[in-house]
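Engineer: one predicted model, sequence on top.
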Amino acid sequence: MMFRISKLLTTEEVRACRQALEAADWTDGRATAGHLATRVKDNEQLAEGHPASQRLGELILQALGRNPEFLAAALPLKVLPPRFNRYRGGGQYGMHVDASVFSVPGTPHRIRSDLSATLFLSEPEEYEGGELTVADTYGEHSVRLPAGDMVLYPGSSLHRVTPVTRGTRLASFFWIQSLVRDDSQRTLMWELDGAIQALGQDIAGHPALDRLTGVYHNLLRQWAQT
Ligand code: NI
């Protein structure tokens, strides 16, 4: 399932990211593409050890940690340090599936990419093209969100970024290992959580809410992998 997290970053945080990214040196995105992806990838990335990458990545991780919608939708266990990319001058990324396991730079740890995230840092009117298009069993879904908004989609999805034919598209992208590996189980948890929250607003104190909350936690206990 795809989720939109609106206003993950505040206007000030987006501005801080933009200032740092506009002043940074960029490298060819093909440098980090797997051997098949180099044929379809045509963009630029911030080098992983770049100080701006670390500082802005930290800002994004903090925003994720305080966002209840992200926590409910992703049930995150580990998040790969955010990376940054730039598309312009016809830059694009053809159809591909992301790698399934990523090494966390500078550590012995690895992260399974249950979920992929794209955080938009340019406003849609600043560029043309640059749609993130994700394929699933219902067809293709294209997203192009306001700066500060993020889309989450299953890491197993085929997806692409269409050519940016005018202006510049800046974004952050990263992967999340979820407590609940299976996308359909994670979606059920999200549905149940949303229903409990809605009932809690309308019939606060009803004893059935405690039972439903118990079901939520006991399902999580069965499905969670830590
Ligand atoms: Ni990708």
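Structural biologist: Right, received. Where do you want to start?
Engineer: domains in the protein, as residue ranges please.
Structural biologist: By the record's domain assignment, the chain is partitioned as 3-178, 183-223 (automatic domain parsing).
Engineer: buried deepest among those domains, which one?
Structural biologist: A comparison of those by mean neighbour count, using mean count of other Cβ atoms under 10 Å, puts domain 3-178 on top with a mean of 17. No exception for glycine: its C-beta is placed from N, CA and C like everyone else's.
Engineer: so what's the gap between stretch 159-172 and the chain middle?
Structural biologist: Relative to its parent chain, stretch 159-172 has a centroid offset of 16 Å by Cα atoms, centre = their mean, to the nearest Å.
Engineer: pLDDT of that stretch, averaged?
Structural biologist: Confidence over stretch 159-172 (mean pLDDT, whole number) is 98.
Engineer: hmm, who's touching whichever helix or strand Leu64 is part of?
Structural biologist: Secondary structure here is read from DSSP states H and E; on that basis Leu64 sits in helix 51-65. For helix 51-65, the external contacting residues (Cβ atoms under 8 Å, 6 or more residues apart in numbering) are 8-9, 13, 16-17, 20-21, 23-24, 46-47, 70-71, 76, 79, 81-84, 119, 172, 174.
Engineer: please flag which of those residues sit within strands.
Structural biologist: Judged by DSSP state E, the subset of the contacts of helix 51-65 located in strands is Pro76, Val79, Arg83, Phe84, Leu119, Ser172, Phe174.
Engineer: got the contact list for the first one?
Structural biologist: Contact criterion Cβ under 8 Å, 6+ apart gives Leu64, Phe70, Ile176, Gln177, Ser178, Leu179 as the residues in contact with Pro76.
Engineer: could you report the distance from it to Arg169?
Structural biologist: Using Cβ to Cβ, to the nearest Å, one gets 25 Å for the distance from Pro76 to Arg169.
Engineer: center of this structure - which residue?
Structural biologist: In the chain, the C-alpha closest to the average C-alpha coordinate belongs to Ala117, at a distance of 1.3 Å (Cα atoms, centre = their mean).
Engineer: is it true that that residue lies in a strand?
Structural biologist: Yes. Counting by DSSP: H, G, I helix; E, B strand; the rest coil, Ala117 is located in a strand.
Engineer: so what's Ser142 scoring on pLDDT?
Structural biologist: pLDDT for Ser142: 96.
Engineer: can I assume it is in contact with Leu132?
Structural biologist: Yes. Counting by Cβ atoms under 8 Å, Ser142 does reach Leu132; the two are 7.0 Å apart.
Engineer: quick check: neighbours shared by those two?
Structural biologist: Residues touching both Ser142 and Leu132 (Cβ under 8 Å, 6+ apart): there are none.
Engineer: I'd like to know which elements the helix or strand containing Ser184 is packed against.
Structural biologist: For Ser184, the enclosing helix or strand under DSSP H and E is helix 183-202. In this structure, helix 183-202 makes packing contacts with helix 68-74, helix 207-223, judged by 3 or more Cβ pairs under 8 Å, 6 or more residues apart in numbering; DSSP states H and E.
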